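Trainee: structure here, sequence nowhere to be found:
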C-alpha cells in the first residue's frame, strides 16, 4: 500500500511517460481494476476504512486527528483468527493508543505518526493560506527522511520474507511505503530521468480555473494553491513525483523477486493499492482531499499465480472496501458473519464480473471542506455531492469527459442517473443533517480535549 499514488500515474494504467515496469508485471500476472477508488481522499480516514472494510461514515473516523476505537474489528484480527502471522511494515497512519489494530508486530517505523497533526473545525470556516504551498518549490533530487524510511521498509520486508518461518505458517504482511507522497524529493537517477526533458504539464483549458466548483475553490484558498509557481517549478515537482512513482515501482519489483527467490511466489497473493492520489496541479490543485480522478482513483492489482488468470482488466467501479472483503474471502473468512461494506472480488478475479455491483463510494469530512462531501462512481458516471445550503452537485461522464471539465449536474436529460447515484450516497449516510451535527460535535469535543491535555492528538 503506497501513499498518495493516483492510478493514472503509472504505465500499468496507461501513463505515456512514467515507467512502472513492475506494476505492468503485476498486470501481466494478475488482475488490474481500472476504476478502483479510495474510500476517502485523506490518509487516516482512508486507511481506517481499509483496515475495517467499512466506509468512513460507518466507522466515524472523520479526519486526521480522529483515532479508531481500540476494539474495532480489523482484517488483521480476522486473519490472525484464521491462523495467520500478521505484520505491519511501515505506514498505516493509525493515530491513538493502538498503532497496530490487529497486526502482531511492526517491522519498521511509521514516520507519519511521529508528530501530531493540526486539528480543524468546520465552525472556524475555511482559512486563507498566508503563502503558496511549500511542497511545489521544495522539489529536488536527493534523499529525504521519507526515502530513508522507505528503504528501511524494503529491507525489513526482505528479511521477513526470507525468514524460514514464512514456510511454516500462513502470513500477511502489509508494506506501507510513503512514496510517492510529498516531499517531492527523490534520489538520482530518478529525478533527472524526468526533469527537465521528460515531464508533461497539467491540463488546464482556458477559463477552467475561473469555473472550478466550490469544493476546489475551498482547497485552493486553504492550501495556497492559486497557481503562482513558475512553469519550471511545476515541472520540477511533477518530475520528482514521476521519479517517486518509479522508485516505488522498483521496490515492488524487488519484493516480487524475493518471493520468487524464497519459493513463495506461487502461494502468495499480492494486493497493490494506495490510500489516495495527488492532484499534481491538475484543476489548479495539489495534494488530495477531492474526488477528481487524480485524487480518488487509485491502483488495485491482485495477483495469485496459477489461481487467477493474468492480464485481466476489470472496468466496473470498485473500491478499497472491496479489496478488504477480497482479502478476507481468499483467507477463508466467512464474510456474511461480519459487518463489511464491500463485496468480495474473487468472482471477478476468476473471470466473472457479472456479480459486481459497479459502485464505488468515497467520502471526505475533514479539513479543506466545511461540509460533508461524498462521491459515487458507477459505470461511466461520477457524482460528487456537498451537503449544505446551497447543495453542491457535480456530475461527470468519464467516457466523454475523462478530464472532468464539464459539470452535467442539473441537466434534465441526466436527471435519472443523477438521482440514482445520489440515492446510493444518501442511503449510506441516512440522515445527512444528523451526520453533520455529529461530525461538528465531535470536532468541538476533541478541540476541548486537545486544549486541556496539550497533546496534538488523542493518545
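Mentor: Cool, the structure landed. Here the structure is a predicted model, which means the values were calculated and not measured. Numbers count the residues shown, from 1 in each chain.

Trainee: list the buried residues for stretch 154-170?
Mentor: 154, 156-158, 160-161, 166 (16 or more other C-beta atoms under 10 Å). From N, CA and C alone the C-beta is placed, and that goes for glycine too.

Trainee: from residue 436, how far out is residue 430?
Mentor: For residue 430, the distance to residue 436 equals 11 Å [C-beta to C-beta, to the nearest Å].

Trainee: more neighbours: which of these two?
Mentor: Shown here are residue 430 and residue 436; by other C-beta atoms under 10 Å, residue 436 has more neighbours (17 against 10).

Trainee: give me the nearest residue to that one, chain neighbours excluded.
Mentor: residue 372 (5.6 Å; C-beta to C-beta, 6 or more residues apart in numbering).

Trainee: burial count for the one you found?
Mentor: 22.

Trainee: was I right about it contacting residue 366?
Mentor: No. Applying C-beta atoms under 8 Å, one finds residue 372 not in contact with residue 366, separated by 10.4 Å.

Trainee: quick check: longest helix in this structure by residues?
Mentor: Identified as the longest helix of the chain according to DSSP state H is helix 231-261.

Trainee: helices or strands up against it?
Mentor: Judged by 3 or more C-beta pairs under 8 Å, 6 or more residues apart in numbering; DSSP states H and E, the packing partners of helix 231-261 are helix 21-29, helix 134-137, strand 140-141, helix 145-162, strand 185-186, helix 190-194, strand 270-273.

Trainee: which residues touch the first one?
Mentor: Think helix 21-29. Residues outside helix 21-29 that contact it (C-beta atoms under 8 Å, 6 or more residues apart in numbering) are 10-13, 32, 249-250, 252-253, 256, 270, 272, 299, 301, 303, 305, 310-311, 313.

Trainee: ok, 7 Å please
Mentor: Contacts to helix 21-29, defined as C-beta atoms under 7 Å, 6 or more residues apart in numbering, come from residues 10-12, 249, 252-253, 256, 270, 272, 299, 301, 303, 305, 310-311.

Trainee: show the buried residues in the residues you listed.
Mentor: By 16+ other C-beta under 10 Å, those give 10-12, 249, 252-253, 256, 270, 272, 299, 301, 303, 305, 310 as buried.

Trainee: one step back: list just the nearest of the contacts of helix 21-29 to residue 388.
Mentor: residue 299 (32.2 Å; C-beta to C-beta).

Trainee: now that closest one. Nearest residue, chain neighbours left out?
Mentor: Among residues not flanking residue 299 along the chain, residue 7 sits closest, at 4.6 Å (C-beta to C-beta, 6+ apart).

Trainee: the helices in the stretch 251-400 of the chain, which residues?
Mentor: Ranges of helices within the stretch 251-400 of the chain are 293-296, 320-330, 346-349, based on DSSP state H, counting those that start in this stretch.

Trainee: relative orientation of the longest helix of the chain and helix 145-162 in degrees?
Mentor: 10 degrees (axes from the mean of the first three to the mean of the last three C-alpha atoms, to 10 degrees).

Trainee: mean confidence score for helix 231-261?
Mentor: Across helix 231-261, the average pLDDT comes to 98.

Trainee: how far away from the center of its chain is it?
Mentor: 17 Å (C-alpha atoms, centre = their mean, to the nearest Å).

Trainee: what's the angle between that helix and helix 21-29?
Mentor: 50 degrees.

Trainee: identify each buried residue in helix 231-261, please.
Mentor: 234-249, 251-253, 255-256, 258-259.

Trainee: stretch 172-188 too?
Mentor: For stretch 172-188, the neighbour count (16+ other C-beta under 10 Å) marks 172-186 as buried.

Trainee: just the residues you listed now: which is nearest residue 55?
Mentor: The closest of the buried residues of stretch 172-188 to residue 55 turns out to be residue 174 (C-beta to C-beta; 20.0 Å).

Trainee: so where's the stretch 351-459 of the chain shaky on pLDDT?
Mentor: Where the stretch 351-459 of the chain drops to pLDDT under 70, the residues are 455-459.

Trainee: got the buried residues for stretch 195-207?
Mentor: 195, 199, 202.

Trainee: report the secondary structure state of the second one.
Mentor: Reducing the assignment at residue 199 to three states with DSSP: H, G, I helix; E, B strand; the rest coil gives coil.

Trainee: excluding sequence neighbours, find me the nearest residue to it.
Mentor: Here the residue nearest residue 199, using C-beta to C-beta, 6+ apart, is residue 239, at 4.3 Å.

Trainee: repeat for residue 87
Mentor: Nearest non-adjacent residue to residue 87 (C-beta to C-beta, 6+ apart): residue 173, at 4.7 Å.

Trainee: helix or strand: which one has that neighbour?
Mentor: strand 171-176 (DSSP states H and E).

Trainee: how about the strands in the chain?
Mentor: Counting by DSSP state E, the chain has strands at residues 31-37, 85-90, 105-106, 140-141, 171-176, 185-186, 270-273, 300-303, 312-319, 360-364, 372-378, 381-387, 392-397.

Trainee: contacts for the fifth one, please.
Mentor: Strand 171-176 is contacted by residues 1, 76, 79, 84-92, 110, 153, 157, 160, 255 when judged by C-beta under 7 Å, 6+ apart.

Trainee: quick revisit: what would the buried ones among the contacts of helix 21-29 look like in a markdown table with distance to residue 290?
Mentor: Shown next, in a markdown table, are these (distance: C-beta to C-beta, whole Å):
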| residue | distance to residue 290 |
| --- | --- |
| 10 | 20 |
| 11 | 25 |
| 12 | 23 |
| 249 | 25 |
| 252 | 27 |
| 253 | 31 |
| 256 | 32 |
| 270 | 29 |
| 272 | 23 |
| 299 | 18 |
| 301 | 24 |
| 303 | 30 |
| 305 | 37 |
| 310 | 34 |
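
Trainee: pLDDT check: weakest of the residues you listed?
Mentor: residue 305 (94).

Trainee: wait, doesn't residue 308 sit right on residue 270?
Mentor: No. Judged on C-beta atoms under 7 Å, residue 308 makes no contact with residue 270 at a distance of 10.4 Å.

Trainee: common neighbours of the two, please.
Mentor: By C-beta under 7 Å, 6+ apart, the residues touching both residue 308 and residue 270 are residue 30.
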